[in-house]
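# Sequence first, predicted coordinates after that:
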Amino acid sequence: MSNFSSIAYYIPELILVILILSVIVIDLIPSLQDLKFPVAFIGLGLLALALNLSHGVKASIFMDLIVVDPFSHFFKWIFVLATASILLVSRYSVEVEEENHVEYISLMLMILLGLFLMASSTNLLMIYLAIELVSIPSYILAGMKKNDRASNEASLKYVIFGSFASGLMLFGLSWLYGISGSTNILDIHAALLTNGNQFLVYMSLMMIMVGFGYKISMAPFHYWTPDVYEGSPTPVTAFFSIGPKAAGFAILIRVLYTIFTNDGSLNATSPLYDVNWTLIFAVLAAITMTIGNFLALHQENVKRLLAFSSISHVGFMLIAFTVIGTEALTALLFYLVIYFFMTLSAFIIAIFIKNKLDTDTIDGWKGLAIRNPLISAFMVISLVSLAGLPPTAGFVGKFYLLAVLFRAKTFYWLAVVAILNSIVSLYYYFKIIKSMYFLNEEEEVSSEPLEVNPYVKWTAILFSAQTLLFYFYWTPLIEFINRSLSFWNS
Amino acid sequence: MYLNYSPIIIYTILAIIMVVVPLFIQSLISPKHNKGGSKLTSYECGEVPEGSAWVKFNVRFYVIALIFIIFDVEVVFMFPWAVVFQELGLLAFVEMLIFLLILLVGFAYVWVKGDLGWVKMKMKYAHGRYSKLSIKEEV
Amino acid sequence: MDNSTLFALLILFLPFTAFLYQLFFGKKLGAQTHLVSLGIMGIVLALSLGFFFQLFNHDLTGPILDVSGEWFSTGAFTLELGFYIDKVTIIMLMVVSLISFLVHLYSTAYMKDDPRYSRYFAFLGLFTFSMNGIILSNSLIMMYLFWELVGLSSYLLIGFWFEKNSAANACKKAFLTNRVGDIGMFIGMLLIFFTVGTFSINGITGAVTNGAFEGNMQLLSIAGVLVFMGAVGKSAQFPLHIWLPDAMEGPTPVSALIHAATMVAAGVYMTVRIFPFLTPDALQVVAVIGGITALGAALIAITQMDIKAVLAYSTISQLGYMIMALGVGAYQAGFFHLVTHAMFKACLFLCSGSVIHAMHHSLHHLGDHHTDPQDMGNMGGLKSKMPITYTAMLIATLAISGVPFFSGFLSKDAILAGTLSYYHTYHGWTIFLPIAGFGAAMVTAFYMFRLIFKTFHGKPVKPEIHEHVHESPLAMTAPLIVLSVLSLAVVFTLPQINPLDGHGWFAHAVGNGAHAAGLDIKHVNDGIHHAHHDAMNISLIVATLGILVSSLFYLFKIVNVEKLTSILNLIGLYSLSKNKFYIDAIYNALLYKPFMWFSKLASTIDWDIYDQKIVDGWGWITMKISVKSQEADYNWLDQKIVDGFGRFANYFGNELRTTQSGVVQNYLMGGIVGLVAIILIFQQF
């Protein structure tokens, strides 16, 4: 589709661009400075509206650089919700300084734009640009606490690891271009079917996987995750654990299913030639979840612990790539939504604790159950869901993922590893619960009630409640996901 | 089909040759003795170097350089447009205006925030984000 | 969503919001907290009235609303929840919301100084929610869900004063007895489900019509009787009726709402709903159970001295009537009696509550905490002190006794006609049904007037108490007035005003029912029509007889009651009734005692023989062995293997930590080495 007529399909992104600019402009006018957050929320509201209107639309726009399809639409909803809730919470976070608010909001929105593009790009160049558009503002956000050494360090490590990964990915992308002579992934698939060298395809797949694996923090490209998560301001950490990860999965699914399957579509059943990437993902999934879980065992820092927990959840989600088919994708997307809610609620509560008590350590949470029973109760719900126990949606999500393996009758060992891992994970999740609820006799903690900002409280409660809701009634969500599993393909 | 990639091989070999051969030649023709003295100083167009080149630059240079590059690249985008802008017509003109407007917002941002100022701290004309800064008292 | 669905949702969930409000914020308004519940019930009542007026829309033939949505789907089958509203539903909805509203109003005065005032209203809200759920549901499974919920709220309300041992026991008994019926109901539901594949009532009826049980009608009969077992439990039918008299331990307004007018009628309502697919065989079982209950409970009621116990047995007896009516195919009559009974029995209970309230206050005034305020032996002559209560109670009593001009006459008459016609069709032993019906009618008239006479007429038994009795406040008397007006026959027969003819709007709205499982409904109705006159004459005679005898006994005292009692007791008749046919004692002897004996025996075997001898003997042996094996176990299994796992995880985690060194160069190295390793391991070329 030509550039000009594409604009009609591009309205959500355009709203976002205008929103970013207007937030910056508003900040420059002294009398309007207090309106930054309201404007951002109004803008995101408009964005959500525009997004809602584009429901079910399928088109390939800007000369096939990006597409609009139900699949990207699904992810865009996750991004918008994550950004809006994080912005809402950030406003009350002590870690984001008042004078940096405008940079904070606009960078966050830029990442959102990048995420949108990541979910919908179908061109190698666009994929690279989108990933960079997400990465570069992320580096700055990680170093937002200018006077904090850990934050500076996080930012630097992020930059170095990020450029390493995107360099390798770019190398892989150039191989792909070299083999096929095109940068459009649909064309690449068509070219590979008629003319391709298995070894080259395999090598390029591996190198592309570095870039995507780094975004979703898959082992062995996960090293940056704990350091960056620990050093960044907590709201930013929460955002990193949702937005870029979901986008990474989106692009991974799109690229794998479009280029590296024989069918080149979501209904594919077998990998391209014999490039057996399902086995690779099975091994990587097992490694990722094991590393995440075992590293989390010894953590005393809640943010670092949640970072490792997110790595192990990524491992779980990677299970979906060991089987090719829409069923696996349904399970993955379902898990992603559940993960979104449970992780965000846990992080929001961590933000609240950081605000009030200025502590990141598990010991700092001691006696929270007395000081704020409501928040602790919802933290328990989130943690139980993260651990994947009934009656929470985390259980349903894990169940769906493992069911994929059993239905396909492959990789039983992976299922065993996954189950063993979720047992290990119980230990460190319940360490937090223990700290909140159980005290040694000689220990004395303050029993003074902790006041919660109502926005923070209700966001946390709302998100944790979802994990219960989706345990009892998830049919509409599954239906929505099934409707969303549809690519644009000429 | 690897033959398709033969230019790359040739290019690689050439690159190696281009590095190795001059080095070899200069080792042949360079004097074997009298290597000390001014021969080891860095070449600065005949001027005598003032101190080491390994000094810390003030971070303000970095900010200015960054801003310079951004607006420099802006011109790179404008150049091809300017060459053919009569053929592209009004639409392209409007597009370029939008492009400039976006960059203008960035320009306004650095201006208002005081990033274009040079001397900042504790000075009466420091403004923007620097107006509240102060030098820490030495203890 | 159209308006009807919205209204149905509101009717269902508004009481639930009242429940939540009272549960969580009940203390906020203090003594005025009932205003919220009352307001919500008012809205529910208004919404129900909105539905009610649609009854008079003559163009309406089918159901007003029939929607359902998927609850969950397992792949093998799908469960749906939904609403079904037809004219029967609307009438039932009207009855429940009206009586619920009145009871809320009444309770504001009756429960005034209770320390758990807000919790009481919370439970009432929960009950109304669950009851509305039963009424609105379109499938057996949804009905079952709410069925258990009403069971729960009934449990909570019976045991509301749980400090009293008797109340705690009563609620336990009610719950357990109901479970027996519910298990049957659940098995029956599953039997049907596995044959026709749906829980939807319409769906089952349709499937039965289409011959889903062709050649296998016994299965349907068994399933029907099993489902009906739920009604036996909930509607306190013989042999599961024993919980209802005990349930009178709850507050009296609760007895009026739950244990007289609505929840116990839920069993009947359910039977009305499943009527179309109950086979004639199953219906015969239903009829016999109803007949036994109707007559038996009436006979027990004669000799009870507790005012609420009399009413409780009367309720059981009347429920028996309804069940019997459904059993003989008199669908309309059964449902008609449900509605009329709800009105006059709620009125009776609320009146008795008013009397108890007055007695209680009088006793409280005197500082007497030993005299039972519910014992009729302590009352008498209250007519002059409590004129409104007396008038209302008299009207309701006339209604229940089957006197013309009052609603009970019409409905009871229709049921009796149904039993007569059933006998005309089947002959033989079925004569039991009309005998039970007419007998119960006579006995009912007798004991109800006994209650009236002993309570309100004659000389006060204890003048000092009588002196301090006062009429109850307006919040209590207003519901009495409303309910007594609704006990008049003319309310149900409009536009018809002939007191002997029941064909008014009600009959028109309910219709004659349909049947899918082999009952010729037209034949039954013709039979009822023919038997109508005989039934009316006989029932008039028995009612008159009952009232007459009662007044001879208790009003004019011509017959010496005590003498008669002792004569009757020569063959044990009096104590038979007084002791409720010894059913509790029989259960005690046949079920409870043997069960306890058996569990004692089991415990003896388990503890004295098995535990002490065998286990401990083994223990002794194993002690010896274990001392030896302990060493091996602790030193090897525990220390090495079990702890080994833990230590392995610990160690592994600790070792892995070194990879996370914080040195970014190592990270990059790790990434590169990992990538190269993956590439090398998995490459196949």
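Thanks, I have it. Numbers count the residues shown, from 1 in each chain, chains lettered A, B, ... in the order given.

# how far does the helix or strand C:Lys593 falls within sit from the chain's center?
For C:Lys593, the element it lies in under DSSP states H and E is helix C:593-604. In terms of C-alpha atoms, centre = their mean, to the nearest Å, the centre of helix C:593-604 is set 32 Å apart from its chain centre.

# hey, which helix or strand in chain B has the poorest pLDDT?
Each helix and strand of chain B was given a mean pLDDT (mean pLDDT, DSSP states H and E); the minimum falls on helix B:59-88 at a mean of 85.

# ok, then the element right after the helix or strand harbouring A:Lys215?
Applying DSSP H and E as the criterion places A:Lys215 in helix A:198-216. Under the assignment DSSP H and E, the closest C-terminal helix or strand after helix A:198-216 is helix A:224-231.

# could you point out where chain B is predicted with low confidence?
B:1-2, B:35, B:37-38, B:119-139 (pLDDT under 70).

# Please, which helix or strand holds the residue in it positioned nearest to chain A?
As assessed by C-beta to the nearest C-beta, chain A sits closest to B:Val112 within chain B, at 4.7 Å. (Glycine included, C-beta is placed from N, CA and C.) B:Val112 belongs to helix B:90-113 when assigned by DSSP H and E.

# same check, this time on C:His365
helix C:331-366.

# buried ones in that helix?
Neighbour-count burial for helix C:331-366, counted by 16 or more other C-beta atoms under 10 Å in any protein chain shown, picks out C:331-360, C:362-363.

# quick one on the thing from earlier: would you mind confirming that the residue of chain B closest to chain A is in contact with A:Leu28?
Yes: look at B:Val112 against A:Leu28 with C-beta atoms under 8 Å: they come within range, at 4.7 Å.

# Read off the pLDDT value for A:Thr410.
What the model reports for A:Thr410 is a pLDDT of 86.

# right, and it touches A:Val323 too?
Yes: using C-beta under 8 Å, A:Thr410 is in contact with A:Val323, at 6.6 Å.

# Those two: which is more packed in?
Taking other C-beta atoms under 10 Å in any protein chain shown, A:Thr410 and A:Val323 do not tie; A:Val323 has more neighbours (22 against 16).

# contacting residues for the more buried one?
A:Thr278, A:Val404, A:Leu405, A:Arg407, A:Ala408, A:Thr410, A:Phe411 (C-beta atoms under 8 Å, 6 or more residues apart in numbering or on different chains).

# and the third one, what helix or strand is that in?
Assigned by DSSP H and E, A:Leu405 falls within helix A:393-408.

# Show me what secondary structure element comes after that helix.
helix A:412-437.

# Before we go further, C:Glu214 is sitting in a helix, right?
No: using DSSP: H, G, I helix; E, B strand; the rest coil, the secondary structure at C:Glu214 is coil, not a helix.

# burial count for it?
Other residues within reach of C:Glu214, judged by other C-beta under 10 Å, total 9.

# Now do it against chain A, distance only.
35 Å (C-beta to the nearest C-beta, to the nearest Å).

# shared neighbours of A:Thr410 and A:Val323, anything?
Common neighbours of A:Thr410 and A:Val323 (C-beta under 8 Å, 6+ apart) are A:Thr278.

# name the helices or strands packed onto the helix holding B:Val112?
helix A:11-28, helix B:59-88 (3 or more C-beta pairs under 8 Å, 6 or more residues apart in numbering or on different chains; DSSP states H and E).

# which strands and helices sit next to the last one?
Helices and strands in packing contact with helix B:59-88 are listed as helix B:90-113; criterion 3+ C-beta pairs under 8 Å, 6+ apart.

# check which helix or strand covers C:Ser68.
With DSSP H and E as criterion, C:Ser68 is part of strand C:65-73.

# In stretch A:268-281, which residues are buried?
So for stretch A:268-281, counting by 16+ other C-beta under 10 Å, buried means A:Ala268, A:Pro271, A:Leu272, A:Val275, A:Trp277, A:Thr278, A:Ile280, A:Phe281.

# model confidence over stretch A:338-349, on average?
Per-region confidence: stretch A:338-349 scores 92 on mean pLDDT.

# Show residues contacting that stretch.
Contacts of stretch A:338-349 (C-beta under 8 Å, 6+ apart): A:78, A:81-82, A:85-86, A:89, A:234-235, A:237-238, A:241-242, A:246, A:306, A:310, A:313, A:317, A:375, A:378-379, A:381-383, A:385-386, A:392-394, A:396-397, A:456, A:459-461, A:463-464, A:466-467, A:470.

# what's the answer for stretch A:171-184, then?
Stretch A:171-184 has contacts (C-beta under 8 Å, 6+ apart) with A:64, A:122-125, A:127-128, A:187-188, A:191-192, A:196-197, A:200-201, A:203-211, A:259.

# Could you give me the buried positions within it?
In stretch A:171-184, counting by 16+ other C-beta under 10 Å, buried: A:Phe171, A:Gly172, A:Leu173, A:Trp175, A:Leu176, A:Ile179, A:Ser180, A:Ser182, A:Thr183, A:Asn184.

# helix/strand/coil for the third one?
A:Leu173 carries the three-state label helix when classified by three-state DSSP.

# Would you check that C:Phe335 makes contact with C:Asp86?
No: C:Phe335 sits out of contact with C:Asp86 when judged by C-beta under 8 Å, with a separation of 11.9 Å.

# picking up where we left off before, next, see if the helix or strand following the strand holding C:Ser68 gets close to chain A.
The helix or strand immediately downstream of strand C:65-73 is strand C:78-85, counting by DSSP H and E. No: on the criterion C-beta under 8 Å from any C-beta of the partner chain, strand C:78-85 is out of touch with chain A, staying 9.8 Å away.

# Using CSV, list the CA coordinates for strand C:78-85.
Backbone C-alpha positions of strand C:78-85 (Å, rounded to 0.1, in the frame of the first residue of the first chain) are rendered in CSV as follows:
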residue,chain,number,x,y,z
THR,C,78,-20.4,-27.4,27.7
LEU,C,79,-22.1,-26.0,30.7
GLU,C,80,-24.4,-23.1,30.3
LEU,C,81,-26.0,-20.8,32.8
GLY,C,82,-29.0,-18.8,31.9
PHE,C,83,-32.4,-17.3,32.8
TYR,C,84,-35.7,-18.6,31.9
ILE,C,85,-38.7,-16.5,32.7
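
# just how off-centre is it within its chain?
That offset, for strand C:78-85, works out to 22 Å (C-alpha atoms, centre = their mean).

# what packs against it?
So strand C:78-85, by 3+ C-beta pairs under 8 Å, 6+ apart, packs with helix C:3-25, strand C:65-73, helix C:117-136, helix C:140-158.

# could you dump the ones you listed to TSV with mean pLDDT and distance to C:Val663?
As requested, the helices and strands packed on strand C:78-85 are exported to TSV (pLDDT from 0 to 100; distance: least, C-beta to C-beta, whole Å):
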stretch	mean pLDDT	distance to C:Val663
helix C:3-25	84	54
strand C:65-73	77	51
helix C:117-136	88	61
helix C:140-158	87	60
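
# Turn these into a markdown table, columns for mean neighbour count.
Formatted as a markdown table, those follow (neighbours: other C-beta atoms under 10 Å in any protein chain shown):
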| stretch | mean neighbour count |
| --- | --- |
| helix C:3-25 | 18 |
| strand C:65-73 | 15 |
| helix C:117-136 | 25 |
| helix C:140-158 | 22 |
